[in-house]
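K.L.:
sequence and predicted structure below; questions after.
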Amino acid sequence: MPKQDLKVLRLCILNRFKQEIYSTNVKYFKMLEMVQKTNYTNNKSTAPLDNERALSKRSMSATDADPVKLRRQLVEKYHQLLPPEQVIVQLFSVIYEPVSRAAFALCLNQTGTRDKNGKPFTQQTLKPYIEQLLAAGLLVQNSSQGPQCNSLLVEIATRDAVQRGGFESLVQVVQEKLPLPMRGKGGPRYFSSEGQLLREVRIGIYRQDIKFINQQLEKGFINKTLSSLESSSTTIVPKATQH
């Protein structure tokens, strides 16, 4: 990817998280400001700002007429969940992109979470949990993809995992069970989708690790380009009130 396009890509990604994270935690927002300053101090082009504005215009879907109100409703539902159900939502939030139910069950079992009978989850025993969370709107799913955390709840759920001390264990499971592809045997890791890139950048954000974030942004980005990111259907959430 050309150097200028890489700069624009970085700005688009970091701005996407800034819009959501600023609404609920200024500490993480300030760290993102530092990352952007590091990447763009010497960049005088207006192209990144133009792309940032273009992304911001697609801030909510046609069905989300009042995202602030909807977010509050989702947060209330989330806090009413039983502990195992909250872990499920937190794990989806860390994975970030859509994931198959079979792969998710493997990740969930690795966290030590068990079903109501104290046994590891199977796709069958996991199904009612997933369906309940989908019905509540805490998870969403397109017909051709697996479930994922609702974009209005995803940062709140991840931050809850951080506050409860479970974030790093979830990250370890995700990176072990859903590793990044590798270029040949023993080769460097790379991103095969936008979701993988965003997943790893978010991990750096919640670790407050600027070096890690920049390392992810410099990795190979296969089969995805800046134009792909700009035309993505991923919802960018506008600023909302603090929670």
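P.N.:
Done, it's in.

K.L.:
only C-alpha atoms for contact and neighbour calcs from this point on.
P.N.:
Will do.

K.L.:
residue boundaries of the helices in this protein?
P.N.:
3-22, 26-40, 47-57, 67-79, 83-95, 101-110, 123-135, 154-163, 167-177, 194-207, 210-217, 226-230 (DSSP state H).

K.L.:
lowest average pLDDT across these?
P.N.:
Confidence, taken as mean pLDDT, is least for helix 47-57 of these (a mean of 37).

K.L.:
contacting residues around residue 212?
P.N.:
Counting by CA atoms under 8 Å, 6 or more residues apart in numbering, residue 212 makes contact with 201, 204.

K.L.:
let me redo that: residue 170
P.N.:
The contact partners of residue 170, taken as CA under 8 Å, 6+ apart, are 91, 94, 111.

K.L.:
among those, who's most crowded?
P.N.:
residue 91 (28 neighbours; other CA atoms under 10 Å).

K.L.:
what about the closest residue to that residue other than its chain neighbours, distance to residue 143?
P.N.:
Excluding the flanking residues, the one nearest residue 91 by CA to CA, 6 or more residues apart in numbering is residue 170, at 6.3 Å. To residue 143, residue 170 is 26 Å away according to CA to CA, to the nearest Å.

K.L.:
do residue 216 as well
P.N.:
Counting by CA to CA, the gap from residue 216 to residue 143 is 30 Å.

K.L.:
between these two, which one's more packed in?
P.N.:
Comparing residue 216 with residue 143 by other CA under 10 Å, the one with more neighbours is residue 216, at 20 against 6.

K.L.:
hang on, the earlier thing: return the distance of the residue nearest to residue 91 relative to residue 106.
P.N.:
12 Å.
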